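quick check, what structure comes out for this input:
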Amino acid sequence: MLDVAVIEDPAAAEVSLDPVRTRLLAELSEPGSATMLAAKVGLPRQKVNYHLKTLERYGLVELVEERRKGNVTERIMRATAASFVISPVALSAVAPDPSRAPDQLSARWMLAVASQLVRDVGRLITGAAKARQKVATFAIDGEVRFASAADRAAFARELAETVIALVGKYHAEGAEGGRDHRVVVAVHPSITRGSGDTGATTSASKEQ
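Numbering: from 1, shown residues only. Reported below is the predicted structural model:
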């Protein structure tokens, strides 16, 4: 089982978003049968089996083993990943494009950049999995508390200057055998997990 799988097929994305199938995917982090799942989700076994076949058709669950019980063969299924990410590729016609309105201070532009990141890394993961190779990536995730808006602005300027200096130092335009890499750096207000207040805004997040 993969830690994270990327869904690029629009039909698979639609299938995965069904509430019942989402619940089944969550339950199938551990192998289970239609009978076992029916008791957990409160649905008839036949209905659960129908949803499992649909998920299997799109590669979201897989057969682990078959167990014979009397005259019945029980199929033990498992999700193909512990979690799933739907790539913007699945909505390519309406996927955000950061080049339309680049604005470093726009929350929506940040979202477009993040969407592009999911799309690109998703494609890299898919390609690397087929080639049985690893993807060379690096990420930093952390938090910083600013005493004031002025400090936040100063941090953003210094961060931008530092990144520009690093890019200038290591960028080798004509390097034979070199490979281009994308650098994405983002700063946004933290959200308190589990607070239930997903719509809260701050002075730094009221971009429209």
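
does the residue most central in space within the chain fall in a helix, a strand, or a coil region?
Nearest to the geometric centre of the chain sits residue 85, at 3.3 Å (C-alpha atoms, centre = their mean). What DSSP: H, G, I helix; E, B strand; the rest coil gives for residue 85 is strand.

contacts only, for the nearest residue to it once chain neighbours are set aside.
Residue nearest to residue 85 in three dimensions, not counting chain neighbours: residue 6, with 5.3 Å by C-beta to C-beta, 6 or more residues apart in numbering. To be clear about C-beta, it is placed using only N, CA and C from the backbone, and glycine gets the same treatment. Applying C-beta atoms under 8 Å, 6 or more residues apart in numbering, we find residue 6 in contact with 84, 85, 86, 87, 118, 122, 123, 125, 126.

are any of those residues buried, and which?
Neighbour-count burial (16 or more other C-beta atoms under 10 Å) applied to the contacts of residue 6 gives 84, 86, 87, 118, 122, 125, 126.

skipping adjacent residues, who's closest to the last one in space?
The spatial neighbour of residue 126 that comes closest, neighbours along the chain excluded (C-beta to C-beta, 6+ apart), is residue 6 at 6.0 Å.

and the helix or strand that that neighbour is a member of, which strands flank it?
Here residue 6 is covered by strand 2-7, with elements defined by DSSP states H and E. Sheet neighbours of strand 2-7, with direction, are listed as strand 81-86 (parallel) (DSSP bridges).

chain center to the partner strand, what's the gap?
7 Å (C-alpha atoms, centre = their mean, to the nearest Å).
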